[in-house]
Every structure is written in C-alpha cells, then in structure tokens.
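Peer 1: below are the sequence and a predicted model; questions follow.
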Amino acid sequence: MTTQPEATPSDGTSASQFTKPLRELAALVLLGATGVLLFVAILNLIPTGDFETFTGNAAGSFDGFVNLATIGLPFLAVLLANHVQPVLGRAKVITLVALIEYAVAGFFGVVFGLFIGVVKIADDSVFNALKAFLGRIAVLAVLAIAAYALVRIARGLYWVPKPKPAPGMYGQPAYGQQPGYPPGYGQQPGYPQQQPGYPPAYGQPTAAYPQTYGQPGQQPYGAGPAGAPTAPVPPMPTSAPPHAPTSTPPSHDQPPQGEPGQQTQLINPASQQPSAGFPPPPSAGLGDDPTRPVQR
C-alpha cells in the first residue's frame, strides 16, 4: 500500500492572505449584531401582558443592555478595523458606530437597569437590591474602560486638533492692524500701522508729495468753505528790514478834519513791512508828522 503525501502550504503563503479581505465584513457584522441586541432590549421594556409593568420590565432589563456581547463585539470590530494593517478605509465610521452603541448601552443600563431596576428590587428585598447593585456596577466598569479606550483611539487617529497659526502669518492680521485691510503703502508687514493725526515713529520714513498747481487738495484746518474770498498773503521778506526811527509827535497837534465825503487813512510808515525785491520806505524826517492824513 502506498500513502499519499500530506499537503503542505506553499512557500510564502499565510492564512492572513485569506482572512484580511474579510475584516471589513466581519467588523460590520459585529456592529450590526450589537445594534440588534440593543434594539431587542429596548423592546423588552414595553409591557405586553396584563401582568407586566414598565418598572417590572426595567428591573430585569440591565442584562439586555450591558453584557459581554454588547461590550466585546464593538470593541472587537474596532480592533479589526484599526489595529490590523492595513487600516480599513471605513475604520473611522466603524469606530464612530461602536462609540454610539456604547453610549446607548450605558444610558439605558444606568437609567433603567441601575436606578429604576434596583429601586424596584429594593421594594421586595433590600439584600437582593444590594447584590444587584454591586453586580451591575462591576459590569458598568468594564463598559466604561472599553468606551474610554475607543475614545482615545478616535481622538488620536481621527480628531487631531489643528494647530492655530501664529499672528502675522499668511491670512492672519498683524499686531496693530485691522483685520481685512492690507498694510499701508511702503509699510513693512508685521509692524504696527501709524495712526492718522500723530507724527511718525522714530526711524520710519515719511513720504511728502508736492501738490501741483490746480490740483484739488485738502483744505487746511480753519479754512472757509470753497468759493469764499480769501485775503492775499504777503510774501515773507528775505532779510530783516532796517529799523526806521520814529519821532514823537507833539501832543497838542490834532489832525485836521477832512471834508465831508472824503475818506482819510492814517498810515504809520514804521508799521509797514517791505516786500521782497523792493527797497524799504524812507524814514520820516524830523519835520514830518507821521499822523498826517493822506488824501486819496
């Protein structure tokens, strides 16, 4: 008799090559099974018979919400999606669904199974209520540590906070600059903008642009409205005028009265300033009266 040789795995072949394509399907099935178990536990809260009550059903509903199946199946699904390389494309969705199932199981387990259920059991026996309370607290602790592990996985892989850019970078207003407005012409970014009405800072260049003839400009402070006549401004003298001697007029002399209808004007030659390019007026003599009226 001849025996057939046993089949041996070929070189370089591993079992993971056949099971890795099933990881996503297995994770989705595990999450679906957990969702069905939670839905059935919620339906069990509804009284259907004549002798059933809501509080009576809530007293025994804790094991339907929080048990090894509702704790282990979502956790195993997250391990298949994230811890086995390569990471699945739907790993973020699987992790989020597992966290939602943990939240539903914890809420109904604490509210209906722990509070309402233990109070209902305490009506019959305080000792039985104490035993139920301790056992359910232990199972809730296992659920809490599993949920905390999933939260750390989700925050570390999928909800990483973005760093805030430093002020002055691209898209952020610099210090002292209003948001939405670019810095002024000739001003380097990153420095405070010069406020209007104040002299420029030390070392900052200032730009002076002469105004051409006929170009409309800003009216100076205190100027009248446009179109109002303005008094001509005499040109400034290039050199100081010589001091003209003045004579003190006699106190008893009175200026003669002019004829009616004739305008007279008193001119003091010492108070007149010569203009540039013209010689100063001659000084008054000893016999001249500076208060003599001049007829026009």
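Peer 2: Cool, got the structure.
Peer 1: could you pull out the strands in the stretch 1-150 of the chain for me?
Peer 2: Counting by DSSP state E, counting those that start in this stretch, the stretch 1-150 of the chain yields no residue ranges for strands.
Peer 1: pLDDT below threshold where in it?
Peer 2: 1-12 (pLDDT under 70).
Peer 1: just the buried positions in stretch 88-99, please.
Peer 2: Buried residues in stretch 88-99, defined by neighbour count with 16 or more other Cβ atoms under 10 Å: Leu88, Ala91, Lys92, Ile94, Thr95, Val97, Ala98, Leu99. C-betas here are computed from N, CA, C, even on glycine.
Peer 1: same thing with stretch 101-120?
Peer 2: For stretch 101-120, burial by neighbour count (16+ other Cβ under 10 Å) applies to 101-102, 104-106, 108-110, 112-114, 116-118, 120.
Peer 1: go on, stretch 124-134?
Peer 2: In stretch 124-134, counting by 16+ other Cβ under 10 Å, buried: Ala129, Ala132, Phe133.
Peer 1: wait, which of the residues you listed is closest to Ala26?
Peer 2: Ala132 (34.6 Å; Cβ to Cβ).
Peer 1: my read: the closest one touches Val119, true?
Peer 2: No. Applying Cβ atoms under 8 Å as the test, Ala132 and Val119 come out as separate, 10.5 Å apart.
Peer 1: rewinding a little: now intersect the buried residues of stretch 101-120 with the helices, please.
Peer 2: Counted as lying in helices by DSSP state H, out of these, are Glu101, Tyr102, Val104, Ala105, Gly106, Phe108, Gly117, Val118, Lys120.
Peer 1: got a markdown table for the residues you listed, with distance to His83 too?
Peer 2: Below are these laid out as a markdown table (distance: Cβ to Cβ, whole Å):
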| residue | distance to His83 |
| --- | --- |
| Glu101 | 19 |
| Tyr102 | 18 |
| Val104 | 24 |
| Ala105 | 22 |
| Gly106 | 23 |
| Phe108 | 29 |
| Gly117 | 35 |
| Val118 | 37 |
| Lys120 | 41 |
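Peer 1: just those now: which is nearest Phe54?
Peer 2: For these, the nearest to Phe54 is Lys120 (9.9 Å; Cβ to Cβ).
Peer 1: wait, that closest one touches Ala58, no?
Peer 2: Yes. Counting by Cβ under 8 Å, Lys120 touches Ala58, with 6.8 Å between them.
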